[in-house]
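Novice: Compute the structure for the input listed below.
(one chain, ligands or ions: 1)
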Amino acid sequence: MKITVISSSPHRNGTSARLVSEFIRGAEEKGHEVFRFDAAFEDIHSCIACYRCVETGEGCVFKDSMEKLNPHLLDCDLIAFATPIYYYNMNGQLRTVIDRFFANNEKLMGTKKSVLMMTCEDDTTESVDGPILSYQNMLRYMKWEDCGVIAALNCGDMESMDKTEYPQKAYELGYGL
Ligand SMILES: Cc1cc2nc3c(=O)[nH]c(=O)nc-3n(C[C@H](O)[C@H](O)[C@H](O)COP(=O)(O)O)c2cc1C
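Specialist: Below you'll find the predicted structure:
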């Protein structure tokens, strides 16, 4: 299976990046082909809802790092999203990428699978309830199949993360695909 991972934290060695590397380790050990995109280190303009992509069929007016990601999004079997929680939601870096799916909306719909990995400081589900619901609704709309959600609670820093089994769960999620 071809997997595209969209990691979104600006912390290269942070908590969500840890889940990403374990997920990829598992997926690659299983023989899957993985492309990793680190959204926080890329140049990605927000969607301005100009609808030029719909009107012209020539893609987005912004020729930025999405040009690098789009072929992998279109070609892959599974998209893995990874985000730290910011104000009870996915972070802006990931949201910006997802909004830009709009330029290829129809082509992306259909047979893909997806996973979501999140890290947050809270030790209750309060911070992840909203993004889980919006992920599930997005999947229903895109007609994608959910293959798993990891919500790493009480993982606001690496010290806390290291005491948990979430990295192991991320490895198993990747390996289990
Ligand atoms: C702008 C901002 C907003 C945050 N909002 C929340 C929040 O709503 N709930 C929460 O539990 N943690 C929140 N956090 C903490 C981060 O989710 C947490 O530190 C996470 O582990 C960071 O992931 P990273 O190491 O991958 O960047 C916030 C952090 C920042 C910087």
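Novice: Find the closest residue to the ligand in this structure.
Specialist: Evaluated by CB to the nearest ligand atom, the chain has G14 as its residue closest to the ligand, separated by 2.4 Å. In short, each C-beta sits where N, CA and C put it, glycine included.
Novice: check contacts around that residue.
Specialist: Going by CB atoms under 8 Å, 6 or more residues apart in numbering, G14 touches P84, T119, M158.
Novice: from the residues you listed, which would you call buried?
Specialist: The neighbour count (16 or more other CB atoms under 10 Å) marks P84, T119 as buried among the contacts of G14.
Novice: contacts with the ligand among the contacts of G14, please.
Specialist: For the ligand, the contacts drawn from these by CB under 6 Å from any ligand atom are P84, T119.
Novice: pLDDT and secondary structure added to the contacts of G14, as CSV?
Specialist: Shown next, in CSV, are the contacts of G14 (pLDDT from 0 to 100; DSSP: H, G, I helix; E, B strand; the rest coil):
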residue, pLDDT, secondary structure
P84, 98, strand
T119, 98, strand
M158, 98, helix
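Novice: Need the contacts of G14 in TSV (columns: distance to E28).
Specialist: Putting the contacts of G14 into TSV (distance: CB to CB, whole Å) gives the following:
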residue	distance to E28
P84	23
T119	21
M158	23
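Novice: Pick out whichever of the contacts of G14 sits closest to V20.
Specialist: T119 (10.1 Å; CB to CB).
Novice: Could you give me the buried positions within stretch 135-150?
Specialist: By 16+ other CB under 10 Å, the buried positions in stretch 135-150 come out as Y135, L139, M142, W144, G148, V149, I150.
Novice: now stretch 167-177
Specialist: Across stretch 167-177, burial judged by 16+ other CB under 10 Å covers P167, K169, A170, Y171, E172, L173, G174, Y175, L177.
Novice: And the average pLDDT for that stretch is what?
Specialist: Averaged across stretch 167-177, the pLDDT comes to 98.
Novice: Alongside the ligand, which residues does the protein contribute?
Specialist: Checking the chain against the ligand by CB under 6 Å from any ligand atom, the hits are 9, 11, 14-17, 84-88, 119-122, 127, 155-156.
Novice: which among these end up buried?
Specialist: Neighbour-count burial (16+ other CB under 10 Å) applied to the residues of the chain next to the ligand gives 9, 14-17, 84-86, 119-120, 127, 155-156.
Novice: Inside helices: which ones of the residues you listed?
Specialist: T15, S16, A17, S127 (DSSP state H).
Novice: Quick one: residues contacting F23.
Specialist: Going by CB under 8 Å, 6+ apart, F23 touches V5, A80, A82, V115, M117, A170, Y171, L173, G174.
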